[in-house]
Each structure stands twice: as C-alpha cells, then as structure tokens.
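>>> Compute the structure for the input listed below.
(chains A and B)
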Amino acid sequence: AQRVTQPEKLLSVFKGAPVELKCNYSYSGSPELFWYVQYSRQRLQLLLRHISRESIKGFTADLNKGETSFHLKKPFAQEEDSAMYYCALDHGSGNTGKLIFGQGTTLQVKP
Amino acid sequence: GAVVSQHPSRVICKSGTSVKIECRSLDFQATTMFWYRQFPKKSLMLMATSNEGSKATYEQGVEKDKFLINHASLTLSTLTVTSAHPEDSSFYICSARDPGTRYEQYFGPGTRLTVT
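Residues are numbered from 1 along each chain as shown, chains lettered A, B, ... in the order given. Now for the predicted structure:
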C-alpha cells in the first residue's frame, strides 16, 4: 500500500541547532516526493520537491530509495522555521498532483 | 505566487441540509483542482480530483453522491456536501495546479464545516 510516515509528531530544538524531520514512504513505482509547510494561521505551501533538487530557506531533502526515505534537513534552525511540516507523495502515475500526506511534524525552534 | 481562495471560510448547517463550498484560482487557470479533508489533529486526506469539463474522479472510499464536485470553469470548482450529517463536520481544503509554475499545487485556506 502507498503510505507516507512521519514518525515524530513534535520536534523541539534550540535556535542554531541542526534539524532533521523524518519521512519514510511506501510506493511501488518511482516516487515523486514533496515537503509542504504550514506556518501558524497560514495555508499549506510547497517547501520543496525532490525532483527540483533545490534548497529553500536553507532546507534540503535527499531521496534515498534504498531506505525509502526523504528526510528534511537544515543545518542551523531559526525561530521562524517553527511550523507544521508535511511530507507528501504523488501516488498517481507520474506528476498527477494526487498527494498522500504524512501525519505531519510540528517543528518548534526555541530561542 | 498563485492564489487560491475558498468560500465560505466557515459554515454551520443543520443535519440533512446541503452545503456548497467554492474554490477559485484567482490569477491562473486550473484544469485540475483537488479536494482534501482534514480531521482534527490529523493529516490531509485526498477526496477527489476535480477536472474542468469532465467528471470528478474520487478516491477509494469517498461517496461521489455525497460529495458532489463541479468544475464548470477553469477558475472555479465547487464541492457540495449533500444531506450533511454531523460526521461530515471537518475542515475541507482545495488546491489547484498552476501550469505556469510546473504544475505546482497551491492550496486554499480551507473551509470549516460544522453540521449540527
């Protein structure tokens, strides 16, 4: 079955500390994976997609097919990074937009 | 960036009535929109794909007669919850893909439905 798992509901770090938000997926084909972020009282927005191999706001994520993971990382957390982060998988064939979301991880960056 | 709006932001209706939620892409045309449902403290669950000019496609387990979707124009999709019951109370979120930005998916702010 296709599934996205984010094992941590809450991740709390101090400002300047490294951050890693875990995401594992289950998918039989070639996955298209995304990270979305939702800041307080704002709508969901795209943070990055694996196919772009880009770094947004200092965040990166590498697709590891062997471990079926797509962990989100940032070397030095900032207070403004505090938000809810969702990992998502496009479960259609190709870039269909049909997303399966993980449960989400709340990142709390303390001063 | 592209903007997607939803109306209303909150609605309360009585059990047995129907309620319509609108989703609009404000500055781009979207041939495809999506409807999600979010339960309290849970993740988003894809309900259906709304296709302009054709029938919506529903995810497994979602009742198409219960959740009617109409995508009559390139900027508007509507979700009608028919004969609503308290268990339909939820947060409904739509999204739209912008072909101008490599089909990036933009999300609306959501609609809180409460059925009494």
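
>>> what does chain A put close to chain B?
A:43-46, A:86, A:95-104 (C-beta under 8 Å from any C-beta of the partner chain). For glycine as for every other residue, the C-beta is placed from the backbone atoms N, C-alpha and C.

>>> Contact partners for B:Tyr103?
A:Asn95, A:Gly97, B:Arg97 (C-beta atoms under 8 Å, 6 or more residues apart in numbering or on different chains).

>>> From B:Leu113, how far off is the closest residue in space to A:Tyr27 that isn't next to it in sequence?
Using C-beta to C-beta, 6 or more residues apart in numbering or on different chains and skipping residues adjacent in sequence, the residue nearest A:Tyr27 is A:Gln2, 5.2 Å away. Note on A:Gln2: its distance to B:Leu113, by C-beta to C-beta, to the nearest Å, is 27 Å.

>>> for residue 95, what are its contacts?
Picked chain A for this. A:Glu32, B:Tyr103.

>>> Chain B is the one I meant
Applying C-beta under 8 Å, 6+ apart to B:Ser95 gives the contacts A:Leu44, A:Gly97, B:Val4, B:Met33, B:Phe34, B:Tyr36, B:Gln105, B:Tyr106, B:Phe107, B:Gly108.

>>> Give the partner strands of the helix or strand encompassing it in its sheet and their orientations.
Using DSSP states H and E, B:Ser95 falls within strand B:90-98. If you go by DSSP bridges, strand B:90-98 pairs up with strand B:32-38 (antiparallel), strand B:104-107 (antiparallel), strand B:111-115 (antiparallel).

>>> and of these, who's closest to A:Leu63?
If you check each of the strands paired with strand B:90-98 against A:Leu63 by C-beta to C-beta, strand B:104-107 wins as the nearest, at 18.3 Å.

>>> Buried residues in the closest one, which are they?
B:Glu104, B:Gln105, B:Tyr106, B:Phe107 (16 or more other C-beta atoms under 10 Å in any protein chain shown).

>>> farthest-separated two in those residues?
Spanning the widest gap among the buried residues of strand B:104-107 are B:Glu104 and B:Phe107, at 10.5 Å by C-beta to C-beta.

>>> Which strand in chain A has the most residues?
Counting by DSSP state E, the longest strand found in chain A is strand A:83-90.
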